[in-house]
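[1] Here is the input, now give the coordinates:
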Amino acid sequence: MEIIEWVFEILDENLIYCLIPIILTLFIVELVFKSRFETKKTLNLVRWTIIAYTIISWTVTLVGVAAYPDDSTIVNRLTGTHKVANWITLLSTLILPVTLLIKKVATKFWYVLLVAFCLKIGSYLERFVIFTTNLHRDHLPDSGNAAYRDSMLYIIGTVFLQGIAIAILTLGIFEMTKKKKNYA
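    Residues are numbered from 1 along each chain as shown. The predicted structure is shown next:
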């Protein structure tokens, strides 16, 4: 189980958190170049990535709950003090990605962006709360707050640069395969 969690952690950090900048980059490329590049195919790849990630992560979660019910924190969270927020998070990470199976809504950049955001909304809210509470701590020296703020800005910048690079790389791969088909 630890290996699966390690793989998901790597996948989260290097792809899933980068979905928002990937989709924004595809949207901007589509606006600027007007169907010149294979943005719809790349958006379709992003859509299937979200669907596959959702199915696999929920399968792993359900197997973990069934195999180790005492170690499962999800049951405690869904019945605890913040159960409404946790249920909303659960439904947004389970139901919304499955709606991407509907092709009509899955071709809309803004809807896929909304689904990508809601896929990790709990994580984003958790980081936001940590960031804002750290900014408002009066008992820490200013350098402590500035270092944390700078590290958060560095992380956000890195995620955006990584997402832009993944989007451009994927567009390049689709363009090369399109040109290869034209020559063949």
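
[2] From residue 79, how far out is residue 23?
    Using CB to CB, to the nearest Å, residue 23 is found at 34 Å from residue 79. Any C-beta I mention is one placed from the backbone N, CA and C, and that applies to glycine too.

[3] what do you get for residue 116?
    For residue 116 relative to residue 79 (CB to CB), the value is 28 Å.

[4] more neighbours, residue 23 and residue 79?
    residue 23 (27 against 10; other CB atoms under 10 Å).

[5] so which strand or helix has the closest residue to that one other than its chain neighbours?
    Nearest non-adjacent residue to residue 23, counting by CB to CB, 6 or more residues apart in numbering: residue 113, 4.7 Å away. Assigned by DSSP states H and E, residue 113 belongs to helix 109-119.

[6] same deal with residue 36?
    Using DSSP H and E, residue 36 falls outside every helix and strand.

[7] That one - how many residues pack around it?
    That count, for residue 36 with other CB under 10 Å as the rule, works out to 10.

[8] Could you report the pLDDT at it?
    Residue 36 carries a pLDDT value of 87.

[9] Could you report the separation of it from residue 134?
    Residue 36 is 44 Å from residue 134, by CB to CB.

[10] What are the neighbouring residues in contact with residue 114?
    By CB atoms under 8 Å, 6 or more residues apart in numbering, the contact list for residue 114 reads residue 96.

[11] So for it, what's the pLDDT?
    94.

[12] gap between it and residue 20?
    Distance of residue 114 to residue 20, given as CB to CB: 10 Å.
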